[in-house]
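Asker: just to be clear, the model below is a prediction. Sequence and coordinates:
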There are 6 protein chains.
Amino acid sequence: MIEYVDAPPEVRQVYDDIMAIRQTDYINNFWKALAHDPVTLRRTWESIKQIMGPGGALDPLTKEMLYIAVSVTNQCGYCIASHTSAARKGGMTNEMFGELMAVVGMANETNKLVTGYQVEIDERFKNK
Amino acid sequence: MIEYVDAPPEVRQVYDDIMAIRQTDYINNFWKALAHDPVTLRRTWESIKQIMGPGGALDPLTKEMLYIAVSVTNQCGYCIASHTSAARKGGMTNEMFGELMAVVGMANETNKLVTGYQVEIDERFKNK
Amino acid sequence: MIEYVDAPPEVRQVYDDIMAIRQTDYINNFWKALAHDPVTLRRTWESIKQIMGPGGALDPLTKEMLYIAVSVTNQCGYCIASHTSAARKGGMTNEMFGELMAVVGMANETNKLVTGYQVEIDERFKNK
Amino acid sequence: MIEYVDAPPEVRQVYDDIMAIRQTDYINNFWKALAHDPVTLRRTWESIKQIMGPGGALDPLTKEMLYIAVSVTNQCGYCIASHTSAARKGGMTNEMFGELMAVVGMANETNKLVTGYQVEIDERFKNK
Amino acid sequence: MIEYVDAPPEVRQVYDDIMAIRQTDYINNFWKALAHDPVTLRRTWESIKQIMGPGGALDPLTKEMLYIAVSVTNQCGYCIASHTSAARKGGMTNEMFGELMAVVGMANETNKLVTGYQVEIDERFKNK
Amino acid sequence: MIEYVDAPPEVRQVYDDIMAIRQTDYINNFWKALAHDPVTLRRTWESIKQIMGPGGALDPLTKEMLYIAVSVTNQCGYCIASHTSAARKGGMTNEMFGELMAVVGMANETNKLVTGYQVEIDERFKNK
C-alpha cells in the first residue's frame, strides 16, 4: 500500500481530491492499493466521484445501499465493511440495514427459484 | 405453469392474496411455476409480502431497486425484466434507472479490484 | 457442432464411449460443441464418467441433484435443462425436485445474509 | 451478536425453538447476528425448519449436502464450515464428502464450458 | 436502442469516436442501449478506450481473451458473443479458443475445490 | 492436510510428479488438502498438467493471467494469491498486473451493464 508521504505527484493529486471531496483526512486501503497503478487509481476515483456524489436522481444513501446489495451478492468482504460503514455515516439506521439485508436475501433466493424452474419472461414484462 | 382455473384450493388462496395485495388480476409466470410446489409457493409469497410491502424503514421503490441490483449482479434475466417493470410502475424514472445501473456496474467493478489487489479491511471499518 | 458422421476418429471414440456407457444413441449438444477441441472433449468425458457413474459413496441420482444445485446457483440454463432431464430419468419425482429447489433457494438466501451480517465462523465449526 | 441472556422475548422464543428442534443448547453465530432483526430471524428460522427437517422426499443428509454444494459455489466460507459440520454429524463420511466436492467442482467447470461454447439447449431437454 | 440518426449531439460524439477508433461504421447494441444515459455512455467508452487499446504491457488480443474469461465466468451471453467475435477478428485461432476455454473451465473447478476444502493460503503466497 | 511423509503411495506418486514437473520441492496446501481424496487429487493434477503446461497455442504466462481473471471474478482468495504468485514467477510485471486488473474490473462492470439494460445480441455476433 502506498502512503501519502511515499506517493508520486499523480497519486497525491488523487489523494488530495478524495480528501477534499469526502471532507476527511483518511485514505482507505482500497485507494492505497490501487495507487500502484496511477492510471486505474485516477479513472476509478473519477468514476466513483461522478456516480456516488450528490445532486443526481438518487440520493447518496440509496446509492450506498445499492452498493452494499451488490457487494453482498458478490461476497466481497472488504466492500461490505467499507460501504456499510459509509452508509451508517450517511444515516442508515438498524431498521434500514435489516430491511436491506432482507431484500438482498430474498432477491438471491427468488433469482435462483426463477432460474431453477426455468420460468419464461411474461410477455408484458418485455415491453419495458 | 398452473393457471387459476386448474389450481387446487391451496394454490388459489395464494393467487387470490397476490391479486388482492397487488390490486391486479394478473399472476406472473413465476408464481404459476412455483405452484407446482404449494408449500414453497405459500412460503415465498408470505416472505415477499412481508419484505417488499409498504410501511417499513425503506420505501417500496427503493426495495424494488435493490432487487434489481441483486438480479443484475446474478445475471437473472427474468428477475431483471419483472422487477424493472415493477419499479417503473412504482415511479422509477429513466434518470433513476440510469443511476441505478451506473452504481451496480461500478460496484461490480470495484468489488473485483478490491479482491484482485487483495486489499485488507481497514481497522476502522471493523468497528461497524 | 460436430456430428458423428463428420467427426474425426478421436472424437468418434469418445462419442462411442458416451453412447455405450449411457446406453443411448443420442449425443448431447454439449459434447458436439466440445468436439471442436478433442483434447478437452476426452478429458471432460473421462472426468464426468469417473465422477458421475455408479458404485461410489453417493448414488447417481444424488449426484445429478447436486449438479442441478450448482447449475441453478450459476444460472446456467443449458446445464439446468440437461441435468433436470437426466435426474427425472433417474427417478427424481416432482416432490424431490420441489424440495431440491427449496433448499437451493434457501441456501442462496442465507449465504448472503451470513455475508451481509459479516458473521464470523463459530469456533466449533473450525474443528472440521 | 445477541446472547440469550440479553435477548428480548421474541428472540428468546426463536432461540428456544432452535434448541428444541435441534436438540442442542448451542445457538450458532448466524442466529445471534440475525437477532438484530427479530422479524428476519423468525422468518428465516421458520423457513429453514420447514425446508431442512425430516419427513420430506429428500432425507436431511442429502439436503445438507445440497446446501454445501450451493455454499461452495457461492464461496461462502461461514456456510461451508457450518453445513459441513452439520453434514458430518448427520453421517457424511470422508468418501461422501470427496465425491460431493468432485461433483461440485465438475459442475462448476462444465457450467462454464457450456456457456463459453454458447451451446444451445437440445430440443429434447426442453420437454421437461 | 438509440440509432445514430436519432441521437443527440453528446451521443453522436461518442458514436463518432467509437467508429473512428475501431475503424468501423458499426455501433454495437451495447452502446445503443447505454445511449439512454449519455453520461454513462461516455464514461464507459472512455474507460474501455483507455483499457482495451494498444500500446500497453498486454497486447489487445490477450486483453480480449481476459474479457472472455470474465464474461464466461459471469455467464454473460452477450459479452461472450461480442468479445469472442472481437477476439477472432484480432487473431484468436480455434486452438487458442480451445485452450482459453480449458483454462477457464479448470479455474472455475479448482476455485470451488479450494473453497470447499477450506484450504488456507500458504505462507509463501502471502509475500506477494 | 496430508504431508509427504504421511502420504500413501498413490498420493506420493502425484506429489512426486508435481515436484518433478514444477521443478520444486514444495507442495501447495491445495494439493495437501485434495490428498484426502486420491482419485480427485490425481484427476485434478493430470488435468492441470495437461492444460497449464507449455507447448500449446497460449503461452503459460497468458494462461496464468486467465486463471487470475477467473479467480478474481469468483472472489477466490486462495486462488488469487497462489496464481498471482505463479504469474509473478513467470514474468508478470507490475504493469501487466495493473492492466490485467483493469480489464477484469471493466469486464465485470460491462457484463452487468449489458445484462441490466437487457441488451440483445447483435445479429453479426451470432455468426461466430
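Answerer: Sure, I can see it. Residues are numbered from 1 along each chain as shown, chains lettered A, B, ... in the order given.

Asker: rounded mean pLDDT for the top helix by length along chain A, please.
Answerer: For chain A, the helix with the greatest residue count under DSSP state H is helix A:94-116. What helix A:94-116 shows for mean pLDDT is 98.

Asker: now do it against helix C:94-116, angle only.
Answerer: 140 degrees (axes from the mean of the first three to the mean of the last three Cα atoms, to 10 degrees).

Asker: so which bits of the helix or strand just after helix A:94-116 are buried?
Answerer: The helix or strand immediately downstream of helix A:94-116 is helix A:123-126, counting by DSSP states H and E. Neighbour-count burial for helix A:123-126, counted by 16 or more other Cβ atoms under 10 Å in any protein chain shown, picks out residue A:125. Backbone N, C-alpha and C define where each C-beta goes, glycine included.

Asker: and helix A:123-126, how far from the chain's centre?
Answerer: On the basis of Cα atoms, centre = their mean, to the nearest Å, helix A:123-126 is displaced by 31 Å from the centre of the chain it belongs to.

Asker: do that helix and chain E meet?
Answerer: No: Helix A:123-126 is not in contact with chain E by Cβ under 8 Å from any Cβ of the partner chain; minimum separation 14.4 Å.

Asker: in the longest helix of chain A, what counts as buried?
Answerer: Buried, per 16+ other Cβ under 10 Å, within helix A:94-116: A:96-116.

Asker: how about it against chain B, any contact?
Answerer: Yes: Helix A:94-116 is in contact with chain B by Cβ under 8 Å from any Cβ, via A:95-96, A:98-100, A:102-104, A:106-115.

Asker: spell out which residues make up each domain of chain A.
Answerer: Using automatic domain parsing, the domains assigned to chain A come out as A:1-52, A:57-128.

Asker: deepest of those, which one?
Answerer: domain A:57-128 (a mean of 22; mean count of other Cβ atoms under 10 Å in any protein chain shown).

Asker: right, is that one up against chain D?
Answerer: Yes: using Cβ under 8 Å from any Cβ, domain A:57-128 reaches chain D at A:75, A:94, A:98, A:101, A:102, A:105, A:118.

Asker: got a pLDDT number for residue A:76?
Answerer: Listed pLDDT for residue A:76 reads 97.

Asker: now it: closest residue in space, sequence neighbours ignored.
Answerer: Nearest residue to residue A:76, sequence neighbours excluded (Cβ to Cβ, 6 or more residues apart in numbering or on different chains): residue B:111, at 4.2 Å.

Asker: need the contact list for that neighbour.
Answerer: A:70, A:71, A:74, A:76, A:79, F:75, F:108 (Cβ atoms under 8 Å, 6 or more residues apart in numbering or on different chains).

Asker: for residue A:96, same thing?
Answerer: Per Cβ under 8 Å, 6+ apart, neighbours of residue A:96: A:65, B:57, B:58.

Asker: can you rerun that using 10 Å?
Answerer: A:61, A:65, A:87, A:88, B:56, B:57, B:58, B:62 (Cβ atoms under 10 Å, 6 or more residues apart in numbering or on different chains).

Asker: could you do residue A:57 as well?
Answerer: B:92, B:93, B:94, B:95, B:96, B:97, B:98, B:99, B:100.

Asker: ranges for the strands of chain A?
Answerer: With DSSP state E as the definition, chain A shows no strands.

Asker: which residues of it lie near chain C?
Answerer: A:68-69, A:71-77, A:80-81, A:84, A:97-98, A:100-102, A:104-118 (Cβ under 10 Å from any Cβ of the partner chain).

Asker: the contacts of residue A:96: which two are farthest apart?
Answerer: Greatest spatial distance among these (Cβ to Cβ): A:88 and B:56, at 18.0 Å.

Asker: from memory residue A:16 sits against residue A:31, does it?
Answerer: No: using Cβ atoms under 10 Å, residue A:16 is not in contact with residue A:31, being 11.6 Å away.
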